[in-house]
Every structure is written in C-alpha cells, then in structure tokens.
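Mind folding the following:
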Amino acid sequence: MRKLTKRINGTRRIMVALAGLLLALGAALAAAPGATAASDISAVANGLEKSPVYVDPAASGQLSSADADRLAQQIKDAGKPVFLAVLPADFRTSEEDFTALRAAVGDPGVYGVQRGDTFSVRADPSVLSRGEARNLQSLGDSAGLEAYVNAATRDANGTAPSSWGGSAADDGVPTGALVGLGAVAVAGGAGAYVLVKRNKRKKAEETRAALERLRVVVDEDITAFGEELERLDFHPGEKGATDAMREDYERALDSYESAKSIMASAQRPEDVKGVTQALEDGRYSLAVLAARREGRALPERRLPCFFDPRHGPSVADASWAPPGGPARDVPVCAADKARIDDGEDPAVRTVDTDQGRRPYYDAGPAYGPWAGGYFGGGILPGLLVGTMLGSMMASPAYAYSDPSMGGGDPSGSDFNSDDFGGGFGDGGFGGGDFG
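Okay, here's the model as predicted:
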C-alpha cells in the first residue's frame, strides 16, 4: 500500500511538472506574432511572410486548416511566389488595399485575397502579366481557391520567399517529441520573438530615416507653392471676379492646406505621394485662374514640368535624354522648352545626396514617392528610363525596404495608384498588376 501511494505521488509530481511546462510553452506561443486574430494589414503580412497561405481566425469557416495546409504545401513544393489570404467579409483596416499588403510583405509575387465572397488578385509584372492576373481572378471567382493556386503555381515566374522555410510536412512532430523538447521550444520561441521584434524595429527606423530625407524636399515644395499664393494679385471680392475664378482660387488654397496637413501626419515615405498630388492640383488651379482672368482658353490638364514640378503645368513635350541614355519625350514648362530650343540645359531640380547636389532622378529610389505624386506611378518609369531612379523602379526588387538598399524602395511608389483605388473586393479593383 505504501509503495502504491509513493508511486501515485510520484506520478502526480510528474504530471504537475508536465502541466507547468505545457503552460509555459503555450504562453510563449501566445506571445509570438500572429497568434491573435488579424486586425490590420500588418497582421496579414506577418502571416504571409511565414506561409504562402494565411487564414484569418474569423474566416476559418471559408477555408479549413487542413485545406489551408494542403494549398500551402502545394505552393511550397512549386517554389513559386504565390500568396493567398482568406479574410472575413467585415475585415477592416485604415490601409485596406493591395498596395499596403504588397508593401508590408515586401516580396514580388502573385497576391490573391478572398474577402468574404469576393476574390481579388494582383501581381508584380515581373511575376505575372496583367492579363494573366485577371484570368486568375476570374478563375478563382468561378472555380475556387484551389483552381487559383493550381494556375498561379503553374504560370507564375520567380521563386518562393526564403522566409517560408521548410515544408509543411515538417510540422508533423509526434506529441511525445513535443513534450520532450518543450523546454527547448520555450527558449527558442522567446529568442525568435526577440529577433522578429528587433528586425521590425530596424525596419521602422529605416522607414523614418527615409521619410526625413524626403521631408526636406517636400517642405521646399510646399513653401514654394505658398509663396506663389502670396504673390498672387487676386482677391475674391475684386471687380470682375467671377464665381468660377473664386472656385479656382479656393481649390488652390485647399490644395495648399491639404499638402501641409498630409505632410504633418506622414508616417512613411509613400505618404508623401499625397502631398505632391495636392500641390500638382493646386498649381493647375492657379493656371486655370490665370487663364480666366486674362480671357484665354482654359489650359489642358497636363503633367507638371518634368525637370522641376515647381515650374507648374507643362505646355508641351520636348525630346530629352539623360547622359548615356535613350531620348524620350518629357513634359516641359514654357521656360524649359525655350532653353532646350536654344540649345541650353533645362533648369533641373536637384537634391542633396552623399555625393553632393544631384538631379532628383539620379538621387536614388528615396525620391520615388515624391515624383510619383507629381507624375503618376504608371507613366513615371517610362519618363525615367536610363536614370538611377528609373533603373531601380524597373527592378523586381523595387519593393518596400530601405532605400540605401537592403533591396528596394520604402515608398511603394512603383505601385500605380490607379490600380489600387479600393480595398479587397470593394468594387475598386478588377485584377491586374502592381503598376
């Protein structure tokens, strides 16, 4: 009897110790990133950095865990950069679009998102053409997620991100082994969590540094436009002023205030794009106001002067080639057109670099969002062919990262804003590429 009691007490001690070990392991796993339900783009991106298939906990009814693991394994076996996120219909975020998701993940690929009953696809042009992406979206809508994965892994170019690591088959560790290695897993989980936090902190610091580099140039632009408004000899109540003139003037003032507000709240380099878009709108409003006051025909809405957007809307296209690069037509203001016609150099906007003052298009990818707001993501690469900024924008690696180059642009300026007018399946989106 005494031996039996001793054996029972020994068993109890083992069970208590084992329970404590499992609780510690559970706490470490719960503290790790991605253990909670997704609430924003960053949580989805974190999931896709670890696996090609991410299923929001609130959307588990749309794709079972077994099916998600099977599709993830299929993508890993194919070695292709194919991503799939399954989200609930009421998924909400302040940056509810593919631009934010693609930038946060940072890897070129094919991105499919099932949000409730709506399926949407975007792809980097280096991975899949726009037409093929639209076909994938149609296929996913009609035949389901498995058909999307089958076709995407067959047609996509490129290779899978290294962050996905080993295959899903490696996950099938026996329960006994988990218990035996529990203490090691707790320590390893804590170490991995610290490493992930350190990497995220470094990325945030790099993003802030890139924004500060841009802030100097953007503040100069805002100041220049404010000075234009101060020099304007127009008063809404002056004799001859019409309602249309007052509206033009009000739009210019609103653009100025909008530019200041966006810059004041900017958190990332890509936020700068909204500032220069507002300034471009404001300068066009002033050009229209001047035409009305002088009795001229209203000017055509054209891109700003390529050499320096502060010159205002362009009036014509002129042939120009960077040193050693091919010639192309670029939009120019009247003053720069006259300089080029006379055989002189245009007045190019220069910015500070480690090598001194350089034209903005030879100062690196940090100025991508600044230029993208003025010229639009779709047309900008063509204007910049043969320049440093243009070469980097044409690279598949031109994604969300450090501009001093761990790879790519921190701005997302290679994303065409016209392609990302809405969120996942809200009607602003029809399948296509990242610009």
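
Quick one: residues contacting residue 90.
residue 116 (Cβ atoms under 8 Å, 6 or more residues apart in numbering). In short, each C-beta sits where N, CA and C put it, glycine included.

how much space between it and residue 119?
Computed as Cβ to Cβ, to the nearest Å, the residue 90 to residue 119 distance reads 16 Å.

Got phi/psi on the residue lying closest to residue 284 once chain neighbours are set aside?
Using Cβ to Cβ, 6 or more residues apart in numbering and skipping residues adjacent in sequence, the residue nearest residue 284 is residue 313, 5.4 Å away. Backbone torsions of residue 313, given as degrees, to the nearest 10, read phi -60, psi 140.

what number of residues lie near residue 313?
Neighbourhood size, residue 313 [other Cβ atoms under 10 Å]: 20.

Give me the distance between it and residue 82.
For residue 313, the distance to residue 82 - Cβ to Cβ - is 43 Å.

Same question for residue 216.
For residue 216, the distance to residue 82 - Cβ to Cβ - is 40 Å.

In terms of neighbours, single out the busier of these two.
Neighbour count, other Cβ under 10 Å: between residue 216 and residue 82, residue 82 has more, with 31 against 10.

how about the nearest residue to that one, chain neighbours excluded?
Residue 82's closest residue in space is residue 152 (Cβ to Cβ, 6+ apart), at 4.4 Å.

Against residue 110, how distant is the one you found?
5 Å.

Now stretch 345-361: buried residues?
Of all the residues in stretch 345-361, those buried under the rule 16 or more other Cβ atoms under 10 Å are 346, 349, 351, 353, 358, 359, 360, 361.

Check what contacts that stretch and list those residues.
With Cβ under 8 Å, 6+ apart, stretch 345-361 has contacts from 216-217, 307-311, 320, 322, 332, 335-336, 339-340, 363-364, 367, 370-371, 384, 387-390.

chain center to that stretch: distance?
Relative to the chain's own centre, stretch 345-361 is displaced by 26 Å; criterion: Cα atoms, centre = their mean, to the nearest Å.

For it, measure first residue to last.
End-to-end distance for stretch 345-361: 15 Å, by Cα to Cα, to the nearest Å.

can you offset everything so residue one is 28?
Understood, numbering begins at 28; the last thing we discussed is stretch 372-388.

tell me the mean pLDDT over it?
Stretch 372-388 comes out with an average pLDDT of 90.

And for stretch 259-276?
94.

if I look at residue 276, how far off is residue 72?
Using Cβ to Cβ, residue 276 is found at 43 Å from residue 72.

should've said residue 304
According to Cβ to Cβ, residue 304 and residue 72 sit 25 Å apart.

What of residue 251?
Distance of residue 251 to residue 72, given as Cβ to Cβ: 37 Å.

Counting neighbours, go ahead and name the busier of the two.
Per other Cβ under 10 Å, whichever of residue 251 and residue 72 has more neighbours is residue 72, with 23 against 14.

Quick one: distance of the host helix or strand of that one to the chain centre.
Assessed by DSSP states H and E, residue 72 sits inside helix 68-77. Remark: helix 68-77 is offset 13 Å from the chain centroid, using Cα atoms, centre = their mean.

One more: stretch 94-103?
Using Cα atoms, centre = their mean, the offset of stretch 94-103 from its chain centre is 26 Å.

and if you look at stretch 312-322?
Put simply, stretch 312-322 sits 37 Å off its chain's centre (Cα atoms, centre = their mean).

Tell me which stretches of the stretch 178-327 of the chain form helices.
All helices of the stretch 178-327 of the chain, identified by DSSP state H, counting those that start in this stretch, fall at 202-207, 209-258, 270-292, 299-321.

Among those helices, show me which one is buried the most.
helix 299-321 (a mean of 21; mean count of other Cβ atoms under 10 Å).

how much does that one deviate in direction from helix 270-292?
160 degrees (axes from the mean of the first three to the mean of the last three Cα atoms, to 10 degrees).

Counting by contacts, list what helix 299-321 packs against.
If you count contacts as 3 or more Cβ pairs under 8 Å, 6 or more residues apart in numbering; DSSP states H and E, helix 299-321 packs onto helix 209-258, helix 270-292, helix 395-402.
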